[in-house]
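Trainee: This is the structure alone, sequence omitted:
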């Protein structure tokens, strides 16, 4: 089956701009989680969506938002970009069955803010 | 918040050596997952350990879950350059929880 697809792979934006990243999960997976990865902070949880509802949110400012569509595809948006938003943004789709979780990450979107 | 501490942070070894990396917490987990991430890629799930004391083997990789389900270890036998990467531990993703990853162990295996 196809893996988790994130687009675009690379993005360069200017401070103050906004950006939208996309994540298509594995077919049948209704949970999509987003993470920010930086060398200094590691992998940090942004939010999780399940059946179009945000189930949980990490400790990020309101400039970071997301949504999920009826086909489980998810987008995250960052407004008023800051230099510190430069990072690898990863999404993961997961599926729980029989008490176990199957989880797959996309390759990520490398965002550079200049 | 359940915090996970991984050690060592960085490890550089020669091909053929054995190594162990650790994932520790003061919290109890229902299960823990281990991932390996290569540069420019997303993490790949290696294993899930569920039962206290459980040992799982994946070729040359041996994963153990502590009896109290607060810690886990990964032992690699006869490391190879292909084992190079960032090893991460975390509770299972999703489920409405704020999944907290450990900072990871960056392993470099020299040929």
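Mentor: Okay, I see it. Fair warning: this is a prediction, and the values are worked out from it, not measured in the lab.
Trainee: Per-residue pLDDT of whichever residue of chain B sits closest to chain A, please?
Mentor: Nearest to chain A, among the residues of chain B, is residue B:42, at 3.1 Å (Cβ to the nearest Cβ). Placement of C-beta: from N, CA and C, glycine included. pLDDT, residue B:42: 95.
Trainee: Over to residue B:3?
Mentor: If you check residue B:3, the pLDDT there is 83.
Trainee: now residue A:2
Mentor: Note for residue A:2: predicted pLDDT of 71.
Trainee: Quick check: which element contains it?
Mentor: For residue A:2, there is no enclosing helix or strand under DSSP states H and E.
Trainee: Can you name the residues of chain A sitting close to chain B?
Mentor: For chain A, the residues in contact with chain B (Cβ under 8 Å from any Cβ of the partner chain) are A:4, A:31, A:33, A:35, A:42-45, A:48, A:50, A:55-58, A:90, A:92, A:94, A:96, A:99-108, A:110.
Trainee: Report the beta-bridge partners for residue A:44.
Mentor: residue A:36 (DSSP bridges).
Trainee: Verify the stated contact: it with residue A:37.
Mentor: Yes: counting by Cβ atoms under 8 Å, residue A:44 touches residue A:37, with 7.4 Å between them.
Trainee: Looking at the two, which is more packed in?
Mentor: Neighbours of residue A:44 and residue A:37, each counted by other Cβ atoms under 10 Å in any protein chain shown, are more numerous for residue A:37; the result is 21 against 18.
Trainee: Can you tell me the number of residues neighbouring residue B:51?
Mentor: When neighbours are defined as other Cβ under 10 Å, residue B:51 has 11 of them.
Trainee: who's in contact with it?
Mentor: With Cβ atoms under 8 Å, 6 or more residues apart in numbering or on different chains as the criterion, the residues that contact residue B:51 are residue B:65.
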